[in-house]
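*Asks:* My questions are about this predicted structure, shown below with the sequence.
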Amino acid sequence: MKDFFKKLVGSGAKPTVAAGAQNALSFQPPQHLIVRPGGPIPVAQLPRVSIVILNLNGRHHLQPCFESLQQLDYPKDRLEVVLVDNGSDDGSVEEMRAKHAWVKLHVNERNLGFSVGCNQGAELSPKAEVLVFLNNDMRVAKTWLSELVAPLVRKECIATTAKMWSWDGKVLNSAGGGMNFHGLGIQRGYNEPPQPAFDVPIKTLFACGGAMAMDAEVFRRIGGFDGEFFAYYEDVDLGWRTWLAGYEVHYVPTSECWHHHSSTSRRLPIETVRLIQVRNPVLACFKNYDDSNLRAVMPAIMGLFVRRMWMGSGLHEKDAEFRIEQATNPASSMFRRMVEKAQARFDDTIEVKRIAAADLVAINDLLGNWDHWMQRRAGVQALRRRPDAEIFALFQKPHWCIEGERGYMELQKGMTSFQGLDQLFPADNLPAPR
């Protein structure tokens, strides 16, 4: 996801994806997800690390970010920082060269997206043993990096995610994450004040791409971030794939950073953000569920997708135009429309809101490219070393309903029962993965 863990809004009121689950994962974590990390890591054992940062017109974020990175307690001879600029035109590149020449800089002519940019940064870091991905709108604690990589050194997991605070430190942005059965990510602790539950290290479905570390060899072996996602949910997909391949991802509360939430996406057209926010969860599900479970969840995924598209279309105010039973004289009405159509030179259109059009384009990216995504799916399934049943515990809230609209809630409840998803996901807080 990038800044993602926000609410997917049916009305399109704002372009964010999981804030609707603000309180969904705030409880004390289940015992089976709690991890008990080992002791401190001697400085001599700390690995070679490359911190990869993406930037798109984020000049105003650069100084606080890099100032905090310069204060890290990590050995300088085992640390490099790479900034990939995605076509900025706000003076970011010039500022990097003038004020932060110690950072390795790669400049793209245009915005290639978060996923591709991060993968580029990984390619530019061939000597790194651990890859760390950090948003440009972050500042980090002095011990952020050493704490983040410690579980990897102790071989407790293969990837980690940090505790992310709001910029003013009053509330959490992220304390690990989960998702519901149709792929919508939930950022644990989002917008909640500090509490002891968020100080407990746990197994987590994914590491937030805004502040995460991963073993470099494994990152490359399982394919890195999916470049076709562009942005949003690329980290959910990577985390899911990591567990599927037999590895673990942990939340590290002692690794702390502070975040300007969604500062990039707020400046983008809502329909462009909407498209990738609704498409990418479906693609993650399509790639990562095994065959039997994908067949079980896909009808509900599609049904709920269509219902959200309808909710955002504005057509509920115009549907009478399509209902023959409401026409006073159907034959006369049809003749009149034929005349109007001819007069309009066959331009017979009706206005639909942009977010609904974005949804239609989004789902066609899967349905109109079926063979391609089946091949992509086969590549992911070839990595499988862990059954779905063991991964479902990491969802934590598989039945979370993102919309409060009556028809949507009724549909999710009905399809969950009809498709047997209440048996597939019998309850929140499922048994632990082995």
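*Replies:* Perfect, I can see it now.
*Asks:* Give me the buried positions along the helix or strand containing V306.
*Replies:* Secondary structure assigned from DSSP states H and E places V306 in helix 291-313. Across helix 291-313, burial judged by 16 or more other Cβ atoms under 10 Å covers 293-294, 296-298, 300-305, 307-313. To be clear about C-beta, it is placed using only N, CA and C from the backbone, and glycine gets the same treatment.
*Asks:* ok, residues contacting it?
*Replies:* Helix 291-313 is touched from outside by 8, 10-12, 181-183, 278, 282, 285-286, 289, 316, 352-353, 355-356, 359-360, 363, 381, 388, 403, 405, 407-408, 411-412, 415-416, 419-421, 424, with contacts defined as Cβ atoms under 8 Å, 6 or more residues apart in numbering.
*Asks:* Just the buried subset of the residues you listed, please.
*Replies:* Buried among the contacts of helix 291-313 (16+ other Cβ under 10 Å): 8, 10, 12, 181-183, 278, 282, 285-286, 289, 352-353, 355-356, 359, 363, 388, 403, 405, 408, 411-412, 415-416, 419, 421, 424.
*Asks:* Mind checking which of these are in helices?
*Replies:* If you go by DSSP state H, the buried ones among the contacts of helix 291-313 have 278, 282, 285-286, 355-356, 359, 363, 388, 408, 411-412, 415-416, 421, 424 in helices.
*Asks:* what about the closest residue to D199 other than its chain neighbours, helix or strand, and which?
*Replies:* Nearest residue to D199, sequence neighbours excluded (Cβ to Cβ, 6 or more residues apart in numbering): P253, at 4.9 Å. Using DSSP H and E, P253 maps to strand 249-259.
*Asks:* Could you report the distance from the residue lying closest to A357 once chain neighbours are set aside to A358?
*Replies:* Leaving aside its chain neighbours, A357 sits nearest to E271 (6.9 Å; criterion: Cβ to Cβ, 6+ apart). Going from E271 to A358 by Cβ to Cβ, to the nearest Å gives 4 Å.
*Asks:* Which one's more surrounded, these two?
*Replies:* Per other Cβ atoms under 10 Å, whichever of E271 and A358 has more neighbours is A358, with 24 against 18.
*Asks:* Identify the residues contacting the more buried one.
*Replies:* A358 touches 271-272, 274-275, 278, counting by Cβ under 8 Å, 6+ apart.
*Asks:* Export those to JSON lines and append columns for pLDDT and secondary structure.
*Replies:* Converted to JSON lines, the contacts of A358 look like this (pLDDT from 0 to 100; DSSP: H, G, I helix; E, B strand; the rest coil):
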{"residue": "E271", "pLDDT": "94", "secondary structure": "helix"}
{"residue": "T272", "pLDDT": "94", "secondary structure": "helix"}
{"residue": "R274", "pLDDT": "96", "secondary structure": "helix"}
{"residue": "L275", "pLDDT": "97", "secondary structure": "helix"}
{"residue": "V278", "pLDDT": "97", "secondary structure": "helix"}
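*Asks:* Need those in CSV (columns: distance to F206).
*Replies:* As requested, those are exported to CSV (distance: Cβ to Cβ, whole Å):
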residue, distance to F206
E271, 26
T272, 23
R274, 21
L275, 21
V278, 18
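*Asks:* of all the residues you listed, which two lie farthest apart?
*Replies:* T272 and V278 (11.7 Å; Cβ to Cβ).
*Asks:* For R323, give its distance to L315.
*Replies:* 12 Å.
*Asks:* Now do G189: how many residues are near it, please.
*Replies:* 29.
*Asks:* So it is in contact with G177, correct?
*Replies:* No. Counting by Cβ atoms under 8 Å, G189 stays clear of G177, with 9.2 Å between them.
*Asks:* picking that back up, residues contacting the residue nearest to D199?
*Replies:* Applying Cβ under 8 Å, 6+ apart, the residues contacting P253 are 163, 175, 198-201.
*Asks:* Who wins on neighbours among the residues you listed?
*Replies:* That'd be A175 among the contacts of P253, by other Cβ under 10 Å, with 29 neighbours.
*Asks:* what about the closest residue to it other than its chain neighbours, which SS state?
*Replies:* Spatial nearest neighbour of A175, chain neighbours left out: G189 (3.7 Å); criterion: Cβ to Cβ, 6+ apart. Here G189 is coil, with the state taken from DSSP: H, G, I helix; E, B strand; the rest coil.
*Asks:* What's the end-to-end length of stretch 394-414?
*Replies:* End-to-end distance of stretch 394-414 (Cα to Cα, to the nearest Å): 24 Å.
*Asks:* now do stretch 100-114
*Replies:* 21 Å.
*Asks:* Who are the packing partners of the host helix or strand of R241?
*Replies:* Assigned by DSSP H and E, R241 belongs to helix 234-244. Judged by 3 or more Cβ pairs under 8 Å, 6 or more residues apart in numbering; DSSP states H and E, the packing partners of helix 234-244 are helix 114-123, strand 177-179, strand 249-259, helix 270-288, helix 388-391.
*Asks:* at 6 Å instead, please
*Replies:* Helices and strands touching helix 234-244, by 3 or more Cβ pairs under 6 Å, 6 or more residues apart in numbering; DSSP states H and E, are helix 270-288.
*Asks:* the inter-axis angle of the helix it packs on versus helix 114-123?
*Replies:* Calculated by axes from the mean of the first three to the mean of the last three Cα atoms, to 10 degrees, helix 270-288 forms an angle of 60 degrees with helix 114-123.
*Asks:* All further residue positions should be reported with the first residue as 5.
*Replies:* With 5 as the first residue, the last one maps to helix 274-292.
*Asks:* and stretch 111-118, which residues are buried?
*Replies:* Result for stretch 111-118 [16+ other Cβ under 10 Å]: buried residues 112, 115-118.
*Asks:* possible to save those residues as CSV with pLDDT and distance to Q49?
*Replies:* Shown next, in CSV, are the buried residues of stretch 111-118 (pLDDT from 0 to 100; distance: Cβ to Cβ, whole Å):
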residue, pLDDT, distance to Q49
N112, 98, 35
N115, 96, 38
L116, 97, 35
G117, 96, 35
F118, 97, 31
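*Asks:* List just the nearest of those residues to A48.
*Replies:* Comparing the buried residues of stretch 111-118 against A48 with Cβ to Cβ places F118 closest, at 34.2 Å.
*Asks:* pretty sure that closest one contacts F233?
*Replies:* No. With contact defined as Cβ atoms under 6 Å, F118 does not count as touching F233 (8.1 Å).
*Asks:* what's the closest non-adjacent residue to Q385?
*Replies:* With Cβ to Cβ, 6+ apart as the criterion, Q385 has its nearest non-adjacent residue at 7.1 Å, and that residue is D294.
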